[in-house]
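Student: just need the structure, nothing else, for what follows:
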Amino acid sequence: MDTVSQSTPALPRHPRLPQILEQNWQAEMTGYYTYRALAQRERERGRKQALENMAVAEKEHAALWAARLRELGEPEPVYRGKPAGDADSLKNRVGGDDLALRRLEIDESRDIAKYSQQLKALGDTPSVAILERVIEDEQEHYRELSKLIRCYPPRPGAPASGLDPKTLLEQLLAKRNQGRSHTAGWIGDAIYGVNDGLGSIFGIVSGVSGATLGNSKYVLLSGIAGMIASALSMGSGAYLAAKSEREIYQAELAREREAIAMNGAEARELLSLYYQVKGLPEQDADHMVEHIASDPDQMLRALAAERLNSTEEALSNPLTSAISGALSTAAGAFIPIVPFFFFTGYSAVIISATVSLLAHFAVGAAKSLVTVRSWWSSGFEMTFVGAVEGVVTYIIGVGLGHLGA
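Tutor: As a prediction, this is how the structure comes out:
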């Protein structure tokens with residue numbers, strides 16, 4: 001601690017030093033009451049003891065800030081928070097104690113960042129000494145909360161318990177989401193778009209044809225309106241979905257980066273367990289991880305690829321997804337209405353149904369490009385679904401037409 005303090009350049013004392021220290025005191029007291037309230041509600045002995053220990057540490061931090069405020073001639077601070085801290089806030093009551101612990105984990109990381117900034121800004125040697133101790137404790141709290149949330153098994157110093165790497169990995173991850181596999185990029189989006197456009201507009205065309213006896217004017221109006229709406233909906237939906245997926249990945253990546261910075265040993269152990277599950281001997285896995293860990297960026301990429309089951313290159317491009325989704329939906333939606341540009345009455349209905357069912361088969365067969373099913377099986381299934389949809393909507397349309405007559 002002394003070494004760090006001596007290496008910190010002398011800075012002028014911050015003009016708002018007492019106010020900042022009082023805010024730190026308030027935050028630590030809120031943490032104390034929050035941890036204490038959660039500990040009182042906790043039934044599992046180990047988690048209860050851990051929360052009680054963190055409550056005691058938070059109160060000790062508050063005492064350090066209060067003592068420094070007295071040294072500066074400031075009055076004794078008065079707690080302005082709630083008796084249960086943040087434990088009984090609306091968001092924690094709705095989300096439950098497990099979600100409250102996740103929020104506390106985030107709060108601890110924010111406190112570490114806030115105190116780290118204060119190290120450079122306060123310009124007060126006694127306060128900096130307190131900050132260094134508090135930061136060390138907050139880092140330990142962050143690690144402890146991570147264990148409580150994810151049910152990490154006791155690591156270095158604890159009995160090995162004879163568990164195999166796969167079991168240890170599952171415990172270490174504690175049922176984290178493993179991500180999801182991605183289909184064949186924009187090709188899958190395009191096929192899905194054609195499928196959606198064709199199915200929805202074929203249903204509209206069938207229904208309106210039944211209600212108007214194939215009046216091409218009304219069929220075209222409803223079909224074109226439906227085509228535009230479907231294309232815009234599919235395009236915007238594909239864009240937002242791809243963008244959200246990318247944002248979620250970036251958020252998880254930032255979380256992994258922070259976890260590595262906070263506890264590099266645990267990150268290396270996690271990556272080693274991944275490699276052991278894949279068949280590498282423990283010694284070889286550890287050796288490989290040590291080489292990877294020499295480059296922080298490479299370590300992050302390797303751990304993210306295993307932990308998130310994906311890479312940034314595998315994510316869909318939002319703009320590409322939007323364009324392919326919108327255009328493919330419009331293309332599929334346009335097929336059922338084409339005959340009504342040239343024919344009217346029942347002849348237009350029959351031709352539209354024939355063309356649409358052939359298109360259903362073609363789209364179903366094309367799905368075999370991104371699935372393992374045979375092309376004829378997939379095509380027949382799609383055709384059958386389209387035929388049922390067309391018959392049902394046509395009958396409904398006829399019934400509605402008679403009611404309105």
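
Student: for the spatially closest residue to Ala353 that is not a sequence neighbour, what is the enclosing helix or strand?
Tutor: Counting by C-beta to C-beta, 6 or more residues apart in numbering, Gly390 is the residue found nearest to Ala353 once chain neighbours are left out, at 5.8 Å. For the C-beta atoms, the positions are set from N, CA and C on the backbone; glycine is no exception. Secondary structure here is read from DSSP states H and E; on that basis Gly390 sits in helix 375-404.

Student: cool, Lys114 as well?
Tutor: Using DSSP H and E, Lys114 falls within helix 90-121.

Student: what packs against the helix or strand following that helix?
Tutor: Using DSSP H and E, the next helix or strand after helix 90-121 towards the C-terminus is helix 125-150. Of the remaining helices and strands, those touching helix 125-150 by 3 or more C-beta pairs under 8 Å, 6 or more residues apart in numbering; DSSP states H and E are helix 2-7, helix 17-41, helix 45-71, helix 90-121, helix 216-262.

Student: and helix 125-150, what's buried?
Tutor: 127-132, 134-135, 137-149 (16 or more other C-beta atoms under 10 Å).

Student: and if you look at stretch 293-309?
Tutor: Within stretch 293-309, the residues scored as buried using 16+ other C-beta under 10 Å are Ala293, Met299, Leu300, Arg301, Ala302, Leu303, Ala304, Glu306, Arg307, Leu308.

Student: of the residues you listed, the lowest pLDDT goes to which?
Tutor: Per-residue confidence across the buried residues of stretch 293-309 is lowest for Leu308, with 67 (pLDDT).

Student: related to what we said a few turns ago, just the ones of the buried residues of stretch 293-309 in helices?
Tutor: Per DSSP state H, helices hold the following members of these: Ala293, Met299, Leu300, Arg301, Ala302, Leu303, Ala304, Glu306, Arg307.

Student: thinking again about what came up before, wait, the residue nearest to Ala353 touches Ser206, no?
Tutor: Yes. Gly390 sits in contact with Ser206 when judged by C-beta atoms under 8 Å, with a separation of 4.4 Å.

Student: what's the overlap in contacts for those two?
Tutor: Overlap between the contact sets of Gly390 and Ser206, as judged by C-beta atoms under 8 Å, 6 or more residues apart in numbering, is given by Ala353.

Student: would JSON lines of the ones in helices among the buried residues of stretch 293-309 with distance to Thr34 be doable?
Tutor: Compiled in JSON lines, these are given as follows (distance: C-beta to C-beta, whole Å):
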{"residue": "Ala293", "distance to Thr34": "35"}
{"residue": "Met299", "distance to Thr34": "33"}
{"residue": "Leu300", "distance to Thr34": "31"}
{"residue": "Arg301", "distance to Thr34": "36"}
{"residue": "Ala302", "distance to Thr34": "36"}
{"residue": "Leu303", "distance to Thr34": "31"}
{"residue": "Ala304", "distance to Thr34": "31"}
{"residue": "Glu306", "distance to Thr34": "34"}
{"residue": "Arg307", "distance to Thr34": "29"}
